[in-house]
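[1] quick one, what's the 3D model for this:
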Amino acid sequence: MAENMKKFTKKEMEFNRNDDKMRLRLSELQRKLDEIYLGGGQKKIDKHHSKGKLTARERIDALLDKDSTQIEIGALAGYEMYEKYGGCPSGGVVVVIGYIHKRPVIVVANDATVKAGAWFPITGKKNLRAQEIAIENKIPIIYLVDSAGVFLPMQDEIFPDKENFGRIFRNNAVMSAKGITQIAAVMGSCVAGGAYLPIMSDESLIVEKTGSIFLAGSYLVKAAIGEDIDNETLGGATTHCEISGVTDYHSKDDNECLSTIRDLIEKIGPVKTAGFNRIDAIEPHFKDRDIYGVMPDDRAKPYNVKEIIKRLVDDSKFTEYKATYGKTIVCCYARIDGWSVGIVANQREIVKTKNGEVQFGGVIYSDSADKAARFIMNCNQKKIPLVFLQDVTGFMVGSRSEHGGIIKDGAKLVSAMSTSTVPKFTIIIGNSYGAGNYAMCGKAYDPRLIVAWPTARLAVMGGAQAAKVLVQIELATAKSRGQELTPEKEALLYNETKANYDAQTSPYYAAARLWTDGIIDPAETRNLISCGIEMANYNEEIEPYNVGVIQT
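    The predicted model follows:
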């Protein structure tokens, strides 16, 4: 029997180990998401249903086309950030990109099972991200309002600043001026400053008995002016549809409200598109999940990123740009689900140049920076969307690199990427450290969508490197004071620093703070990029590309 057992090669064994590790990471991700999807918990959901209301996620599912692509933005927002207040799953608001009558839209739904839908600081940030996506892509945005307003214990972090709560109303006006459709449905509470959101939208709906809009509720009215009045009479559906004229559509329940929204979206006229090139799609030559075995779980291990690209692109075919030059970045033209794309990917394999010089994988050298900058310019000239696959430890350091002008060449790449006007999509598949994060289109550089694989790490540098640097600083400080750290104290400081730093490099830490739009299954990468480009295609206004001043 043993003789009949298949003997695996070293490469096959490594592939299987990688596959197992990725599946374990995805299982952990799904476990966390299943808990997050319960919002405030089953008891709160049951109470919600007892009032005849659907939950935020049920509302979104009923609103969007059945069996169509849905991309949730910020599902992990707020993860482990507000534990002293009992947590804030998904930031108390669900944001999904999807389709209504085959038209891409973005939906923002307050989750009233989480602190009655109150706004935490991350809630405001997540709402602004949704509006940013709508503005960049000129797609309709739909608000399903059910919120008690600002979470008062943290009002100083949500109320007054430029990127806080009030910015949302400013964006309402800006989007309307740009012709971006905004529809708001009041399906629960809508109080105080939040009452302006539905009325600053283009059209508003309100649900009978459960929906209410007012600047101050009945208790505050009683305290302020002594008037006795119930909330329904003060600001319910009948009041605002028949007396004040504040809302435009009266719905008897959630389902009728959502059906009306679908009717409104279906009536919107056609739009001129950006005209990105698309043909019939051809599936890659590999199974969706075959990609798991290529990506090492150990972030220090090398691998060939071209094997990742083959599993993402149509027909597993790509045309590589400057294939024998600047090998630590791979640049290529390809198609994803039929869409023409330009891919910029960090190469993790250790490579040798023509003159025998060894270049470490995942590091950006002068030649690779120069190549990538030129490629980005070419994609902009041809109106081809860009996809960045990040697994980068930073730019090369040392006297040879400094004397060779690595800062100049790095600046060239950052400039070309920053001023790029075609849509950019960033997938953090591995490391995303230091200035490498910037050069490869990190969050600060306006990617239309930015997501991470479970293998991602985001920080200024890795935990071990950071711990060594900080220990060296501590040793130097102690020495300047005439003191010495014992080996035991030095080891303790190193381990504590590394553990803290490692926790902050986790993809969950980044997703909780919306440094990324979320963590995805690598097998969903093709679908996400395709949906993102289709969404971006709805904005015909691509500005002329002007890279500005670049040192050569």
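[2] could you report the neighbour count for Arg103?
    17 (other CB atoms under 10 Å). (Each C-beta comes from the backbone N, C-alpha and C, glycine too.)
[3] give me the pLDDT value at it.
    On the pLDDT scale, Arg103 is placed at 96.
[4] ditto for Ala2
    As predicted, Ala2 sits at a pLDDT of 48.
[5] again, but for the one 5 residues further on
    Each residue has a pLDDT score; the one for Lys7 is 70.
[6] which helices and strands does the helix or strand containing Asp146 pack with?
    Per DSSP states H and E: Asp146 is located in strand 141-147. In this structure, strand 141-147 packs against helix 56-63, strand 103-110, helix 121-137, strand 182-191, helix 196-200, with contacts taken as 3 or more CB pairs under 8 Å, 6 or more residues apart in numbering; DSSP states H and E.
[7] same list, the ones you listed, but as CSV with distance to Phe8 please.
    Formatted as CSV, the helices and strands packed on strand 141-147 follow (distance: least, CB to CB, whole Å):
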stretch, distance to Phe8
helix 56-63, 43
strand 103-110, 44
helix 121-137, 45
strand 182-191, 55
helix 196-200, 58
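[8] quick check: phi and psi at the nearest residue to Ala459 once chain neighbours are set aside.
    In this structure, Ala459 finds its nearest non-sequential neighbour in Thr505, 4.1 Å apart by CB to CB, 6 or more residues apart in numbering. With angles defined as degrees, to the nearest 10, Thr505 sits at phi -90, psi -10.
[9] give me every residue that touches Thr505.
    Going by CB atoms under 8 Å, 6 or more residues apart in numbering, Thr505 touches Arg457, Leu458, Ala459, Gly462, Gly463.
[10] also Ala369?
    The neighbours of Ala369, taking CB under 8 Å, 6+ apart as the test, are Gly326, Ile329, Phe395, Ile406, Asp409, Gly410, Lys412, Leu413, Ala439.
[11] which ones among the residues you listed are found in helices?
    Ile406, Asp409, Gly410, Lys412, Leu413, Ala439 (DSSP state H).
[12] tell me the one among these nearest to Lys468.
    Nearest to Lys468 out of those is Ile406 (CB to CB; 22.0 Å).
[13] that closest one: what's it in contact with?
    Going by CB under 8 Å, 6+ apart, the list of residues near Ile406 reads Tyr365, Ser366, Ala369, Phe395, Met396, Val397.
[14] could I get the residues you listed as CSV with distance to Ile291?
    Shown next, in CSV, are the contacts of Ile406 (distance: CB to CB, whole Å):
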residue, distance to Ile291
Tyr365, 27
Ser366, 31
Ala369, 27
Phe395, 28
Met396, 28
Val397, 32
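[15] that older thread, closest one of the ones in helices among the contacts of Ala369 to Asn346?
    Closest to Asn346, out of all of these and judged by CB to CB, is Ala439, at 9.7 Å.
[16] for that closest one, grab the count of nearby residues.
    Residues within reach of Ala439, counting by other CB under 10 Å, total 31.
[17] about what we covered before: need the contact partners of the strand holding Asp146.
    Under CB under 8 Å, 6+ apart, the answer for strand 141-147 is 53, 56, 59-60, 63, 92, 105-112, 116-119, 130-131, 134, 175, 180-191, 194, 197-198, 201, 261, 265.
[18] right, and the helix or strand after that strand?
    Using DSSP H and E, the helix or strand that directly follows strand 141-147 along the chain is helix 166-177.
[19] buried sites along stretch 345-359?
    By neighbour count on 16 or more other CB atoms under 10 Å, the buried set for stretch 345-359 is Ala345, Asn346, Gln347, Arg348, Glu349, Val351, Gln359.
[20] pLDDT check: weakest of those?
    Val351 (79).
[21] phi first, then psi, for that one.
    Torsion angles, degrees, to the nearest 10, at Val351: phi -120, psi 160.
[22] which residues does it bridge with?
    Gln359 (DSSP bridges).
[23] run a quick neighbour tally on the nearest residue to Glu227 once chain neighbours are set aside.
    Residue nearest to Glu227 in three dimensions, not counting chain neighbours: Val221, with 5.2 Å by CB to CB, 6+ apart. Per other CB under 10 Å, the neighbour tally for Val221 reads 17.
[24] quick one: Val221 is in a helix?
    Yes: counting by DSSP: H, G, I helix; E, B strand; the rest coil, Val221 is part of a helix.
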